[in-house]
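*Asks:* Would you be able to build a 3D model of this:
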Amino acid sequence: MCACDVSKVFPPSLQQLNDAQVNVMHVPATSKNAADEKVKQSLRRFSDQYPAPATVLLITGDMNFAPDLTFLKHRKKHRVILIHNRQARPALLNCADERHQFDDLLARLPDVRQQESRGGDRLCCHLRLTGLPSGGAGRKSKVVNEIQKLVYNCGGRVERVNLTAGDAIIVFPSPGNAARAKHRLHHVVICGSQTFVQFHYKTGQRSRPSRLSSSGAATHATPRKVLYDLAIRHAKVESVSVYCQSDGSLVGTISVPTLYDSQALIAEMHRAVVGTKRIMLAYARTDRPDPYKIRTQVIRLLNDVPSGQLPLVKFMELYEQRFHNTVSIADLFRMRETVTVVDSSSGRVIQLNPMLKTQDHVSFTSRRHRRLGGLDDPSVLPNSDVALEELERVVRHLLETHDGLLHLSSLLDCDVSD
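*Replies:* So this is what the prediction gives:
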């Protein structure tokens, strides 16, 4: 399992964890050690549920886990495997039966970041901290120490501090580390002064564009400028566009240089109040299917059901089987003029708008035969085991005898009738 605030994790990373069969536990980042406490709780539950002999594998370099690993090793007699970073202390390493360094395990794997950089994209690994207090050499040393404590766990290093200008530049080993540290440094107080943090792009640095979609934008004058002014405070903004939906609400799209900027904007702007509206921010998928295509597929599927309605779970399953794609609940709720999702005693049900229901359900079935309908459940496609050559011959023959048009659900009945 993995404990983290999923709203601050890149969707590709979440997808990779899901593909690896890792249970991701959402822990809101309301306190510093919230995720650590959730992991410790899971370790204790595991030790109670699975007595020795059992094995626990933990990926961490945090010294705070030493007491828990000692308890598992000596009291519960579990075998403890620790995967740690280079900064892990010997006291933590001695709590494990088996130890492996994280970087060594990944040494032979391809570096995705290097592959991206070959394409000409260089992602940001620097942060600029502003609002630092002014002072002499003594104050500068204290400021550097406080910043270093905050960014140590993210692998950060203070590159330079200029108390005259009130800013500091921090460098990180990867863009991901920089993005994590940016959230940690948000409005942090250093030596009595509240600071502000943003990505620092050096001259000539280029990044792959990323897009965000914002819904519920304020309906005041010049909403595009309002959205731009809000976004530019937290990240570089390449462009902002706003358009009106069919229901009259406004939707905006913000283009930023990198995925890490996207993550920063979501962390800062999601559910923020602009004027009298609360805006919702989400990653805009560029690979989304055409909404009109989804709508057509939904209508086709529900039209194949005599009642025009299906249990929502059954509908999702049939949609995936027929169209080899998935449709989200959010997509269905956006089709208010097409379908309605209602609660019933047996669960949620999706209903097709009666105005879109085909008058005669059997009109999809071949008119050439009197035996219509064929399948007990028209929403399920026919299933038959036949050689490919035989299937080709049958389909060609049926298309020729049915004027080139034949509904798939009536294929078996027409073949039997012929």
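
*Asks:* worst-scoring helix or strand of the chain, pLDDT-wise?
*Replies:* helix 112-118 (a mean of 45; mean pLDDT, DSSP states H and E).

*Asks:* buried stuff in stretch 68-88?
*Replies:* Judged by neighbour count using 16 or more other C-beta atoms under 10 Å, the buried positions of stretch 68-88 are 68-73, 76, 78, 80, 82-84, 88. All C-beta atoms are positioned from the backbone trio N, CA, C, and that covers glycine.

*Asks:* possible to save those residues as CSV with pLDDT and secondary structure?
*Replies:* CSV is the format used below for the buried residues of stretch 68-88 (pLDDT from 0 to 100; DSSP: H, G, I helix; E, B strand; the rest coil):
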residue, pLDDT, secondary structure
68, 90, helix
69, 90, helix
70, 89, helix
71, 89, helix
72, 89, helix
73, 88, helix
76, 86, coil
78, 88, coil
80, 91, strand
82, 91, strand
83, 90, strand
84, 89, strand
88, 85, coil
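
*Asks:* Following element in sequence after the least confident helix or strand of the chain, please.
*Replies:* Remark: after helix 112-118, the chain's next helix or strand is strand 126-130, criterion DSSP states H and E.

*Asks:* what is the mean pLDDT for whichever helix or strand comes after that next one?
*Replies:* With elements assigned by DSSP H and E, the helix or strand that comes after strand 126-130 is helix 137-151. Mean pLDDT, computed over helix 137-151, is 84.

*Asks:* Just the C-alpha atoms of helix 137-151, please, in CSV.
*Replies:* This file holds the C-alpha atoms of helix 137-151, laid out as CSV (Å, rounded to 0.1, in the frame of the first residue of the first chain):
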residue,chain,number,x,y,z
ALA,A,137,25.9,37.3,7.9
GLY,A,138,24.5,35.9,11.1
ARG,A,139,20.9,36.1,9.9
LYS,A,140,21.9,34.6,6.5
SER,A,141,23.3,31.5,8.2
LYS,A,142,20.2,31.0,10.2
VAL,A,143,18.0,31.5,7.1
VAL,A,144,20.0,28.9,5.2
ASN,A,145,19.8,26.4,8.0
GLU,A,146,16.0,26.7,8.3
ILE,A,147,15.5,26.4,4.5
GLN,A,148,17.8,23.3,4.4
LYS,A,149,15.8,21.6,7.2
LEU,A,150,12.6,22.1,5.2
VAL,A,151,13.9,20.7,1.9
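
*Asks:* OK, contacts around residue 236?
*Replies:* Residue 236 makes contacts with 199, 201, 256, 257, 261, as judged by C-beta atoms under 8 Å, 6 or more residues apart in numbering.

*Asks:* Can you pick out the ones from those that are in helices?
*Replies:* When DSSP state H defines the helices, the subset of these inside them is residue 261.

*Asks:* Show me just the buried residues among the contacts of residue 236.
*Replies:* Burial by neighbour count, judged by 16+ other C-beta under 10 Å, picks out 199, 201, 256, 257, 261 from the contacts of residue 236.

*Asks:* circling back: could you export the contacts of residue 236 to a markdown table, including columns for distance to residue 129?
*Replies:* Shown next, in a markdown table, are the contacts of residue 236 (distance: C-beta to C-beta, whole Å):
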| residue | distance to residue 129 |
| --- | --- |
| 199 | 11 |
| 201 | 15 |
| 256 | 20 |
| 257 | 20 |
| 261 | 17 |
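
*Asks:* Tell me how many other residues surround residue 189.
*Replies:* Residues near residue 189, counting by other C-beta atoms under 10 Å, number 10.

*Asks:* Touching, it and residue 195? I think so.
*Replies:* Yes: at 7.3 Å, residue 189 and residue 195 qualify as touching, with contact defined as C-beta atoms under 8 Å.

*Asks:* related to what we said a few turns ago, would you check which pair of the buried residues of stretch 68-88 lies furthest apart?
*Replies:* Greatest spatial distance in the buried residues of stretch 68-88: 76 and 88, 21.9 Å, computed using C-beta to C-beta.

*Asks:* any idea how the chain splits into domains?
*Replies:* Domain assignment for the chain by automatic domain parsing gives 31-106, 122-199, 210-283, 291-356, 361-417.

*Asks:* between those domains, which one is nearest to residue 12?
*Replies:* Across the domains of the chain, closest to residue 12 is domain 210-283 (C-beta to C-beta), at 7.9 Å.

*Asks:* what's next to stretch 125-134, contact-wise?
*Replies:* Here stretch 125-134 makes contact (C-beta under 8 Å, 6+ apart) with 139, 143, 147, 156, 159, 161, 163-164, 166-175, 177-178, 181-182, 185, 190-202.

*Asks:* Among those residues, which ones are in helices?
*Replies:* Among the contacts of stretch 125-134, the members falling in helices (DSSP H) are 139, 143, 147, 175, 177, 178, 181, 182.

*Asks:* which one of the residues you listed has the most neighbours?
*Replies:* residue 182 (28 neighbours).

*Asks:* my guess is that residue meets residue 261, correct?
*Replies:* No: between residue 182 and residue 261 there is no contact under C-beta under 8 Å: 9.8 Å.

*Asks:* circling back to that earlier point, now, among the buried ones among the contacts of residue 236, which is nearest to residue 316?
*Replies:* residue 256 (32.5 Å).

*Asks:* Of the contacts of residue 236, which pair is most distant in space?
*Replies:* 201 and 256 (11.6 Å).

*Asks:* Of the buried ones among the contacts of residue 236, which one scores lowest on pLDDT?
*Replies:* Among the buried ones among the contacts of residue 236, residue 201 has the lowest pLDDT, at 70.

*Asks:* For the spatially closest residue to residue 406 that is not a sequence neighbour, give me the pLDDT.
*Replies:* Among residues not flanking residue 406 along the chain, residue 398 sits closest, at 5.5 Å (C-beta to C-beta, 6 or more residues apart in numbering). Predicted confidence (pLDDT) at residue 398: the value is 82.

*Asks:* Show me what the strand or helix carrying residue 398 is packed against.
*Replies:* If you go by DSSP H and E, residue 398 is part of helix 388-401. Judged by 3 or more C-beta pairs under 8 Å, 6 or more residues apart in numbering; DSSP states H and E, helix 388-401 is in contact with helix 411-417.

*Asks:* What residues sit buried inside the helix it packs on?
*Replies:* For helix 411-417, by 16+ other C-beta under 10 Å, it's 411, 413, 414, 415.

*Asks:* In the stretch 151-300 of the chain, mark out all the strands, start to finish.
*Replies:* Along the stretch 151-300 of the chain, counting by DSSP state E, counting those that start in this stretch, strands occupy 157-162, 167-171, 189-190, 193-194, 196-199, 210-215, 239-244, 250-256, 273-274, 277-278, 280-283.
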